[in-house]
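The sequence and its predicted three-dimensional model are supplied below.
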Amino acid sequence: MESKFSAKWFLTAFCLFVWFQFVTTFLLKGLIVSTIPSEMNKLVAIGLVWLFVIALVLGYRTAGTVVWETTGGSVLYMLMMVLFFNRFWLAPMKNIYLDRLTGLTLLVGALAFAGSWLGGKLFQLSRRQEIKAVSQ
Amino acid sequence: MKSKIEDIPLQVEGTKDELSIRFITSFLLTTLIALAVIYVWDLARLDRMNFSPRFFVLPWVVAAGQEIENGLNEFSGRPLEPVSLSIRFSALGGMLLIAVLGPTLFLLEMRARAIARHSSLASWPRSTASIVGAVITIPVVSIILLAAPIQKVMFYELKEAGPGQRNTRDVVSGLRRIAWDVFQYRVKPKSMANGGGGSVAGYTIPPDLATTPYAHYSVSPKGESIEVLGRSTRSPSVTITISVDGNGSMSNWRLGGEFRDEAPPTGFWSSLKRLFLSY
């Protein structure tokens, strides 16, 4: 297992978050928020859960080898959102302050870390069960 | 010889190295292009730009919007103004994007693959361009394939709705004339021809009112009023039944059939059949 930070996986994680998190929530926003603006808070919550799920799948598929890369990719993704797409993602949080933005970025990073770490553990668990089944 | 347990490693070795640099470059470039498109789109949506590409990928929507605006202007008596430059660029840009650029990039890649019989990922700019072409072409073609039958069905629905409404008006017009005739019948003394002497009993429809080019009418007495049934000549299933009292007032309207020139078939297969027959 490599311990070195992989720039390739860092960029791939960022791209995966864009495609599977941002683009999907952007389409959902078009469907939901244009008709029900009050549902934007729920969309943000769903988006955070969805980000965790993406990280979980990524962690599982890579056998838990890219936990820090996924975390870094998610933080880069969040920074991009804050800098360029804040109107979209942070619409319900008007007059948002730096501490809240920092908190949100850390939350996203923590969710991605937890998701990919848990995905890796799940992979190991499934492997152990497979080994156990074969050995029996 | 390895045991079965050894065949299943706990960790996957080399997972981090399985991505090629070409793949990463193509993926990152495509992602950044998508983000740039969304960024510009979102800016335009908030009217921060004078030029709105809202319907950039659907030029016919731009044209339809202009057509509606022209119609409203004419209806309001306002003179038609020249089409603005932004709309022209929207339509032209949309046409170039979806009809020229997208299919060209996509089909060139398909052709290259067919000739070379290998993946084109050897050249990342070309593969990125083909992905962009596919992203432009596939959704638009899907929309066109879905929208074409819907448009055709809507066209015929609207085409039928106009004559149907006119037919309804013709039938109602005959009923009004009969109601007026019933009133005249009641107020005329019995000594006069076609006079009811204060009652509607014994009323019969005059032949010129019983049959018109649009409908056939029949009456049946019902107490102190008369029930009049109008049946469309064009569509015999279409009927309107009303009650007319001695004052010529019409009430208790009951509509039967569909108010169309021809009763349209209902159901999926019938609609599909009509659709293909209409081409």
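Nice, I can see it. Residues are numbered from 1 along each chain as shown, chains lettered A, B, ... in the order given.

How far away from the center of its chain is stretch B:172-186?
Chain-centre distance of stretch B:172-186: 40 Å, with CA atoms, centre = their mean, to the nearest Å.

how about the residues of chain A near chain B?
Listed as neighbours of chain B in chain A under the rule CB under 8 Å from any CB of the partner chain: A:1-2, A:4, A:6, A:8-9, A:11-12, A:14-15, A:18-19, A:22-23, A:26, A:62-66, A:80, A:84-85, A:87-88, A:124, A:127-128, A:130-131, A:134-135. (Glycine included, C-beta is placed from N, CA and C.)

In helices, which of the residues you listed appear?
Using DSSP state H, A:8-9, A:11-12, A:14-15, A:23, A:26, A:80, A:84, A:87-88, A:124, A:127-128, A:130-131, A:134-135 are the members of the residues of chain A next to chain B that sit in helices.

List of residues touching stretch B:103-114?
B:119-120, B:126-127, B:129-130, B:132-134, B:136-138 (CB atoms under 8 Å, 6 or more residues apart in numbering or on different chains).

Send me that stretch as PDB with only the CA atoms.
Extracted in PDB, the C-alpha atoms of stretch B:103-114 (Å, rounded to 0.1, in the frame of the first residue of the first chain):
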ATOM      1  CA  PRO B 103     -21.700  16.500 -34.600                       C
ATOM      2  CA  THR B 104     -18.400  17.100 -36.400                       C
ATOM      3  CA  LEU B 105     -16.400  16.400 -33.300                       C
ATOM      4  CA  PHE B 106     -18.400  13.400 -32.400                       C
ATOM      5  CA  LEU B 107     -18.600  11.900 -35.800                       C
ATOM      6  CA  LEU B 108     -15.000  12.500 -36.600                       C
ATOM      7  CA  GLU B 109     -14.000  10.500 -33.500                       C
ATOM      8  CA  MET B 110     -16.500   7.800 -34.500                       C
ATOM      9  CA  ARG B 111     -15.000   7.600 -38.000                       C
ATOM     10  CA  ALA B 112     -11.500   7.500 -36.600                       C
ATOM     11  CA  ARG B 113     -12.400   4.700 -34.300                       C
ATOM     12  CA  ALA B 114     -14.000   2.800 -37.100                       C
END
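
Could you check how far A:Phe113 is from B:Ser199?
To B:Ser199, A:Phe113 is 94 Å away according to CB to CB, to the nearest Å.

quick one, which of these two is more surrounded?
With neighbours defined as other CB atoms under 10 Å in any protein chain shown, A:Phe113 and B:Ser199 compare such that A:Phe113 has more, 20 against 13.

where's B:Ile226, which helix or strand?
For B:Ile226, the host element (DSSP states H and E) is strand B:225-232.

What is that strand packed up against?
helix B:124-187, strand B:215-222, strand B:239-244 (3 or more CB pairs under 8 Å, 6 or more residues apart in numbering or on different chains; DSSP states H and E).

Compute the inter-axis angle for that strand and strand B:215-222.
Angle, strand B:225-232 to strand B:215-222, by axes from the mean of the first three to the mean of the last three CA atoms, to 10 degrees: 160 degrees.

partner strands of strand B:225-232, parallel or antiparallel?
strand B:215-222 (antiparallel), strand B:239-244 (antiparallel) (DSSP bridges).

so after the shortest one, what's the next helix or strand?
The first helix or strand that comes after strand B:239-244 along the chain, using DSSP H and E, is strand B:250-256.

Could you list the low-pLDDT ranges of chain A?
Flagging of chain A using pLDDT under 70 yields the residue ranges A:1-3, A:26-43, A:86-100.

show me the contacts for the nearest residue to B:Met95 once chain neighbours are set aside.
What sits nearest to B:Met95 in space, not counting adjacent residues and going by CB to CB, 6 or more residues apart in numbering or on different chains, is B:Pro59, at 5.0 Å. Applying CB under 8 Å, 6+ apart, we find B:Pro59 in contact with B:90-95, B:98.

at 10 Å instead, please
B:Pro59 makes contact with B:87, B:90-99 under the criterion CB atoms under 10 Å, 6 or more residues apart in numbering or on different chains.

do you know how far it is from chain A?
Relative to chain A, B:Pro59 is positioned 20 Å away (CB to the nearest CB, to the nearest Å).

And B:Thr25, by the same measure?
9 Å.

okay, now that residue: neighbour count?
15.

Check whether it really touches A:Leu11, as I assumed.
Yes. Between B:Thr25 and A:Leu11 a contact is recorded at 9.1 Å, counting by CB atoms under 10 Å.

Report the contact partners of the most centrally placed residue in chain A.
The structure's chain A has its C-alpha centroid closest to A:Leu51; by CA atoms, centre = their mean the separation is 3.1 Å. A:Leu51 makes contact with A:17, A:20-22, A:25, A:74, A:77-78, A:107-108, A:111-112, A:115 under the criterion CB under 10 Å, 6+ apart.

next one: B:Arg88
So, once contact is read as CB under 10 Å, 6+ apart, B:Arg88 ends up touching B:62, B:66, B:82.

Among those residues, name the buried ones.
Among the contacts of B:Arg88, those classed as buried by 16 or more other CB atoms under 10 Å in any protein chain shown are B:62, B:66.

quick one: secondary structure of the residue lying closest to B:Ile138 once chain neighbours are set aside?
Spatially, and ignoring its direct neighbours in sequence, B:Ile138 is nearest to B:Phe106 (7.9 Å; CB to CB, 6+ apart). Under DSSP: H, G, I helix; E, B strand; the rest coil, B:Phe106 falls in the helix class.

can you list the domains in chain B?
Domain assignment for chain B by automatic domain parsing gives B:20-158, B:163-256.

Of those domains, which shows the lowest average pLDDT?
Ranked by mean pLDDT, the domains of chain B bottom out at domain B:20-158, with a mean of 75.

Between the two ends of it, what distance do you get?
The first and final residues of domain B:20-158 sit 56 Å from each other (CA to CA, to the nearest Å).

buried ones in stretch B:95-112?
B:97-98, B:101-103, B:105-106, B:109.

got CSV for the residues you listed, with secondary structure too?
Formatted as CSV, the buried residues of stretch B:95-112 follow (three-state DSSP):
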residue, secondary structure
B:Leu97, helix
B:Ile98, helix
B:Leu101, helix
B:Gly102, helix
B:Pro103, helix
B:Leu105, helix
B:Phe106, helix
B:Glu109, helix
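
nearest to B:Pro221, of those residues?
Of all these, B:Pro221 sits closest to B:Ile98, with 67.3 Å by CB to CB.
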